[in-house]
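# how would this look folded up:
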Amino acid sequence: MAGRGALLERLKIKREESSNEERPGDGGTTSRPVPVGRAQLLRRLNVQNQAAAAPTGGLQPIAPERGAGCGRAQLWKNMTQRPGEGALRYPEIKSQETPVRTPATHGQSSQPDVANLQSQLDSMSLQKKRCESVIRSGVEGQTFTAAVNYIRLISKENAQIYEYFVGFTPEIDSRRFRFIMLKQHAEALQFVGNAFDGAKLYLRHKLPLQENVYECSHPSDNSVVQMKIIYKNQMKMSEAMHWCGILFRRVLDSLNLTQIGRNFYDMETSTPVPQYNLEILPGFVTAMAEYEGGIMVQVDVSHKVLRRANALEAMINIYKRFPKDQVQEQIKKELLGQVVMTRYNNKTYRIDDIDFSLNPNDTFQKRDGSSCSYKQHLRDQYQVRIVDEKQPLLVHRPKKKKRGQENITETIILVPEVCSLTGITDAMKNDFRIMKDISGFTRVKPVDRIGRLDGFIQRINNCQNAKKILEDWGLRLDTAPLRMEGRNFGPEKILVGAGRSVTTGDKADFSRDLTRAKMLCSVDLLNWAVVFCERNKGNVNNFIETLSKCGMELGMKISRPRIEGLRSDNTSEYINTLKRLIKPELQLVVCIFPTMREDRYSAVKKLCCAEQPIASQCINDKTISKPDKLRSVTQKIALQINCKLGGELWGVGIPLKKIMFIGMDTYHDPTRKGRSVVGFVASINDFATRWFSKAAFQEAGQELADALKLAFQGAIKAYFDANGDLPENIILYRDGVGDGMLPIARDYELPQLREVIANVKPNYKPKFHVLLSRRG
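Have a look, this model is predicted:
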């Protein structure tokens with residue numbers, strides 16, 4: 001035992017010995033308790049100060065009292081005791097020097113050095129001291145003033161709030177009922193309506209009792225419900241980010257913005273895109289956190305793409321394209337996992353299932369026990385009339401956590417006719433013209449982005465309801481986005497082959513320069529095959545000739561491939577031909593499809609990635625059918641092929657050597673009951689152009705990467721195999737971590753990484769940096 005534990009143990013032994021020596025016997029009386037801890041400290045100071053002030057005589061030793069002095073009091077005694085007074089002996093502490101005092105003489109003050117002793121006591125404090133802000137400023141580049149997407153939330157200095165937990169007996173599941181019953185005592189609580197989330201209550205004043213009990217009337221049957229409001233914590237506003245989030249959501253609601261998912265959108269200013277039957281909603285994504293300058297609201301522009309077609313129209317379209325026995329399977333394949341929005345209440349739902357046995361005329365049981373059809377319910381509640389009475393119904397299963405119990409799964413039934421599809425289809429994503437037109441609305445220039453932020457601030461400050469919500473808590477939003485000093489480093493040099501370099505230019509676009517220079521590291525394509533339909537043979541031959549010419553310009557030798565023409569475009573013909581062609585010596589297979597079909601593409605990629613691994617390139621015949629664009633398209637394909645073969649296109653000069661960059665993220669698949677995949681990549685050379693990668697499956701809803709340890713071990717080994725040495729600098733970028741998961745990521749993931757580093761070899765201590773990207 002060492003430190004304060006040893007100190008207290010020795011004091012205890014000394015006190016027991018002293019007590020045994022002075023005990024008068026079994027019939028002895030118990031003495032009055034002697035002060036301990038800080039009380040004993042103050043008592044000794046008082047005695048010594050009185051002795052120092054005496055007109056004659058020096059300071060007389062004070063006899064030790066039974067049971068006197070523990071902790072800091074005994075430490076004080078030990079440091080102020082004169083030599084020869086029988087002080088306890090403690091192990092020497094090299095980092096602290098105990099002041100040596102000589103016996104006081106007549107006319108000299110024997111008062112201890114209070115400042116020195118106080119400094120030593122402060123060094124033993126268990127309270128964490130707030131660290132000073134670390135400010136680092138560069139010296140290179142030209143400085144300029146930049147506006148950032150942060151807005152200061154100004155509060156009164158040292159403003160405090162009080163956090164309470166609200167419970168009900170019997171328990172009330174309905175969040176709406178909890179609000180109603182709490183508001184029954186709003187006057188007594190001086191309750192501000194936007195400070196309760198159903199469980200936590202925030203107040204600007206402290207209630208008289210630690211546990212406050214109130215009687216409420218249940219909204220549905222007027223029965224008596226006991227409500228307990230239990231004090232939990234007192235904190236500064238900057239420490240209550242959960243409260244800040246609740247408050248600002250109320251502010252956004254007061255602006256008549258509609259919450260879709262996590263973001264808020266303005267339904268009244270939507271922009272139609274009639275040529276594609278789309279509608280684009282402008283909105284904002286917000287997040288709040290405490291920074292060195294106080295509480296900041298991070299605001300960014302967001303857009304939501306809605307399809308004007310509803311789910312029923314999508315079903316009808318599938319019915320026209322597929323045989324009758326495949327319709328239900330295809331409908332589920334295309335719609336499951338998609339998000340729809342019901343226009344009558346502007347809420348979004350994920351499609352978890354499709355029930356073909358139900359229709360709008362079927363009934364369900366309401367809360368009051370009566371039965372009602374889905375059609376009648378929509379007409380009575382939202383004045384919505386259903387036309388198609390034979391359509392199947394959509395199923396949404398939200399998971400709601402009930403305190404102290406497992407997740408409770410409810411079922412919400414939706415009518416496809418009134419459900420608008422959100423997002424864009426894969427076919428739209430692959431259409432360059434559609435994506436270009438959509439980007440004209442969604443890609444906002446920096447000047448316009450700042451203009452949107454200024455408009456957002458003015459909208460809040462000019463809205464009386466929004467201002468009142470903030471003013472009730474002594475808050476106000478700043479009048480402009482935050483300004484900061486930035487540095488312009490100029491265009492970056494891009495390293496290419498043959499020892500040359502190109503500059504990025506002001507727009508950071510160097511794609512054209514790459515097609516005119518040799519690649520940083522090229523891999524010759526000597527043994528490869530092309531599979532295509534016979535009717536596309538002319539386009540295929542032109543492509544092969546152009547690819548060979550482009551390869552030479554890029555520093556890549558491309559030989560004549562083996563070509564296999566197919567009579568039909570059936571998926572089975574492509575798969576069987578590829579299985580026959582794929583050999584260990586083959587470097588690449590190129591599949592040219594007459595049309596893009598997802599099932600055929602998926603089948604080819606499954607074969608080439610999982611069953612018989614080989615580099616593959618899939619091309620749509622339409623892409624290489626235009627002679628005027630064939631060269632530019634083929635150049636890009638050549639660059640892709642070189643990467644897939646292990647080549648390197650370009651690099652940048654990285655000042656740090658022996659450095660490894662790691663990227664890590666988790667993807668949740670909504671169509672597979674939330675099963676997730678974690679992706680892990682790590683650079684293994686100085687240019688960060690060669691990478692080690694690993695993927696692992698996780699259980700449903702699991703955000704943290706359990707396979708992190710194995711992935712990191714593999715990355716370290718791959719780096720050593722490629723360089724013959726270990727990295728001295730490691731930088732990990734971890735994406736998609738929510739506010740509540742940050743401590744878990746710190747306490748769970750980082751120890752795994754440290755353990756891997758500790759087991760690599762003795763005395764291996766690289767500089768390790770972790771950057772966590774917070775999920776907004």
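
# Tell me which residues of the helix or strand where Val678 lies come out buried.
Under the criterion of DSSP states H and E, Val678 resides in strand 676-683. Across strand 676-683, burial judged by 16 or more other CB atoms under 10 Å covers Ser676, Val678, Gly679, Phe680, Val681, Ala682, Ser683. In this view, the C-beta of every residue, glycine as well, is placed from N, C-alpha and C.

# The next helix or strand after that strand packs against which elements?
Next helix or strand after strand 676-683 toward the C-terminus (DSSP H and E): strand 691-698. Counting contacts by 3 or more CB pairs under 8 Å, 6 or more residues apart in numbering; DSSP states H and E, strand 691-698 packs against strand 676-683, helix 708-723.

# Now do strand 691-698: everything it contacts.
The contact list for strand 691-698 (CB atoms under 8 Å, 6 or more residues apart in numbering) reads 666, 675-684, 705-707, 710-711, 714-715, 718-719.

# one step back: worst mean pLDDT among the helices and strands packed on strand 691-698?
Mean pLDDT across the helices and strands packed on strand 691-698 is lowest at strand 676-683; the value there is a mean of 89.

# Can you list the helices and strands that that strand packs against?
strand 659-668, strand 691-698, helix 708-723.

# which residue packs closest to Leu771, ignoring adjacent ones?
Of all residues not flanking Leu771 in the chain, Tyr733 sits nearest, at 5.1 Å (CB to CB, 6 or more residues apart in numbering).

# any chance of the buried residues of strand 676-683 in TSV, plus distance to Asn345?
Rendered in TSV, the data for those read as follows (distance: CB to CB, whole Å):
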residue	distance to Asn345
Ser676	30
Val678	36
Gly679	37
Phe680	41
Val681	42
Ala682	47
Ser683	48
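
# Report the buried residues of the helix or strand harbouring Ala638.
Per DSSP H and E, Ala638 falls inside helix 627-644. The neighbour-count check on helix 627-644 (16+ other CB under 10 Å) flags Leu630, Val633, Thr634, Gln635, Ile637, Ala638, Leu639, Ile641, Asn642 as buried.

# again, but for stretch 431-448
For stretch 431-448, by 16+ other CB under 10 Å, it's Ile434, Ile438, Val444.

# Which residue is the nearest non-sequential neighbour of the first one?
Just to be clear, that refers to Ile434. Once flanking residues are discounted, Ile434 sits nearest to Met428: 4.9 Å by CB to CB, 6+ apart.

# Could you identify the helix or strand that succeeds the helix or strand the one you found falls within?
Per DSSP H and E, Met428 falls inside helix 426-429. Using DSSP H and E, the next helix or strand after helix 426-429 towards the C-terminus is helix 432-442.

# Now do that following helix: everything it contacts.
Thr271, Val273, Gln275, Tyr276, Leu278, Ile280, His303, Val305, Ile424, Met428, Lys429.

# Restrict stretch 316-323 to CA atoms and write it as CSV.
C-alpha atoms of stretch 316-323 as CSV (Å, rounded to 0.1, in the frame of the first residue of the first chain):
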residue,chain,number,x,y,z
ILE,A,316,-48.5,-0.6,-59.9
ASN,A,317,-45.4,0.0,-61.9
ILE,A,318,-43.8,-3.2,-60.6
TYR,A,319,-47.0,-5.1,-61.4
LYS,A,320,-46.8,-4.0,-65.0
ARG,A,321,-43.1,-5.0,-65.4
PHE,A,322,-43.0,-8.5,-63.8
PRO,A,323,-45.0,-11.7,-64.1
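
# And that stretch, what's buried?
For stretch 316-323, a neighbour-count test (16+ other CB under 10 Å) marks Ile316, Ile318 as buried.

# Then stretch 359-377?
Within stretch 359-377, the residues scored as buried using 16+ other CB under 10 Å are Asn359, Pro360, Ser373, Tyr374, Lys375, His377.

# One more: stretch 201-211?
Buried, per 16+ other CB under 10 Å, within stretch 201-211: Leu201, Tyr202, Leu203, Leu207.
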